[in-house]
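Chemist: this one's structure only:
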Ligand SMILES: O=P([O-])([O-])O[C@@H]1[C@@H](O)[C@H](O)[C@@H](O)[C@H](O)[C@@H]1O
Ligand SMILES: [Mg+2]
Ligand SMILES: [Mg+2]
């Protein structure tokens, strides 16, 4: 039990959640105000993998704010990794940050953009905050304490039949013809079941918030990153949903692939239909660029 001077683990996690919410709302306002302004756009792993000065500014704001409050914490940020920082998870409290999820939407002024901040402690995802900046919907989840959207408790879908499912996915920023063909093949296989429908909104984090809210039945993607999934893994789990690997095993945060659903039965039916698209892991240190999608 913590002494009177020390805070309990529960109190610390509450403090971490509060700090994440505060900086997320601040970041969301910056993004909302910049949505329709002139942007300096650069590309990363492909001509469709975009980054703007707002992504970088927001990530710096989040990291500087949280590291000032919690100097012993570590950070995995999408744009810091793009600038060469390592994407390695240790036992230390680690914030996993996507400053703008939906940057392509942001570049085009499409109002489907989010900030996503997850926290891992001893390699366990403990809390997540995702802010849909234009809708002003704040999704939060803390392990063992439920998931909420603007304070309303979230409950994932109870649908167990793939032929009655509305599914979300994302195509990512890969434009290699073979990989694109494989991505469409997966959609075709699901539509042949037939699933009710497939939708693409351009933000994996917001897709996963829809799974947590129960207004879609499932989401899957090959090619997303740990920062797209970290916060959402807590929010979906706390809403009674499930996030697993596309091969059916437990979620592997660094694997670049995921199936999320309101029920395990739904997730397994999707796993059965999917053909794998191999991407280089987020934490990969070998040079596998010749054989895997980036
Ligand atoms: O880059 P970003 O906007 O943070 O994240 C986006 C992901 O949320 C989405 O799943 C993927 O399809 C896009 O290519 C992009 O990676
Ligand atoms: Mg993202
Ligand atoms: Mg991003």
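Modeler: Sure thing, it's come through. Since we're looking at a predicted model, the values are computed, not measured. Ligands and ions are numbered 1, 2, ... in the order given.

Chemist: low-scoring pLDDT stretches of the stretch 1-150 of the chain, where are they?
Modeler: Low-confidence segments of the stretch 1-150 of the chain (pLDDT under 70): 1-5.

Chemist: can you list the residues of it near ligand 2?
Modeler: 98, 101 (C-beta under 5 Å from the ion). To be clear about C-beta, it is placed using only N, CA and C from the backbone, and glycine gets the same treatment.

Chemist: For the residue in the stretch 1-150 of the chain positioned nearest to ligand 2, which non-adjacent residue is spatially closest?
Modeler: Across the stretch 1-150 of the chain, the shortest distance to ligand 2 (C-beta to the ion) belongs to residue 101, at 3.8 Å. Nearest non-adjacent residue to residue 101, counting by C-beta to C-beta, 6 or more residues apart in numbering: residue 205, 4.2 Å away.

Chemist: now do residue 121
Modeler: Using C-beta to C-beta, 6+ apart, the closest residue to residue 121 is residue 93 (4.9 Å).

Chemist: Next, the contact list for the one you found, please.
Modeler: 16, 70, 72, 73, 74, 119, 120, 121 (C-beta atoms under 8 Å, 6 or more residues apart in numbering).

Chemist: What backbone torsions are found at residue 63?
Modeler: Note on residue 63: backbone dihedrals following degrees, to the nearest 10 are phi -70, psi -40.

Chemist: do you know how far residue 245 is from ligand 2?
Modeler: Here residue 245 is placed at a distance of 19 Å from ligand 2 (C-beta to the ion, to the nearest Å).

Chemist: Local confidence estimate at that residue?
Modeler: The model reports residue 245 with a pLDDT of 98.

Chemist: from what I can see it touches residue 254, true?
Modeler: No: using C-beta atoms under 8 Å, residue 245 is not in contact with residue 254, being 11.1 Å away.

Chemist: and the residue of the stretch 1-150 of the chain closest to ligand 2, what is it in contact with?
Modeler: Taking C-beta under 8 Å, 6+ apart as the test, what residue 101 contacts is 113, 114, 115, 116, 130, 203, 204, 205, 206, 227, 228.

Chemist: Show me what it bridges to in the sheet.
Modeler: residue 114 (DSSP bridges).

Chemist: Residue 43 too?
Modeler: residue 50.

Chemist: Run a quick neighbour tally on it.
Modeler: 11 (other C-beta atoms under 10 Å).

Chemist: who touches it in this structure?
Modeler: 49, 50, 51.

Chemist: could you flag which of those residues are buried?
Modeler: Neighbour-count burial (16 or more other C-beta atoms under 10 Å) applied to the contacts of residue 43 gives 49, 50, 51.

Chemist: okay, those residues in CSV with distance to ligand 1 next?
Modeler: What follows is the buried ones among the contacts of residue 43, written out as CSV (distance: C-beta to the nearest ligand atom, whole Å):
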residue, distance to ligand 1
49, 6
50, 7
51, 8
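
Chemist: just checking, residue 76 touches residue 98?
Modeler: No: if you go by C-beta under 8 Å, residue 76 and residue 98 don't touch, sitting 9.9 Å apart.

Chemist: Show me whatever sits in contact with both of those two.
Modeler: residue 227.

Chemist: The two: who's more crowded?
Modeler: residue 98 (33 against 26).

Chemist: so how far is residue 65 from the more buried one?
Modeler: Distance, residue 98 to residue 65, using C-beta to C-beta, to the nearest Å: 16 Å.

Chemist: again, but for residue 168
Modeler: 31 Å.
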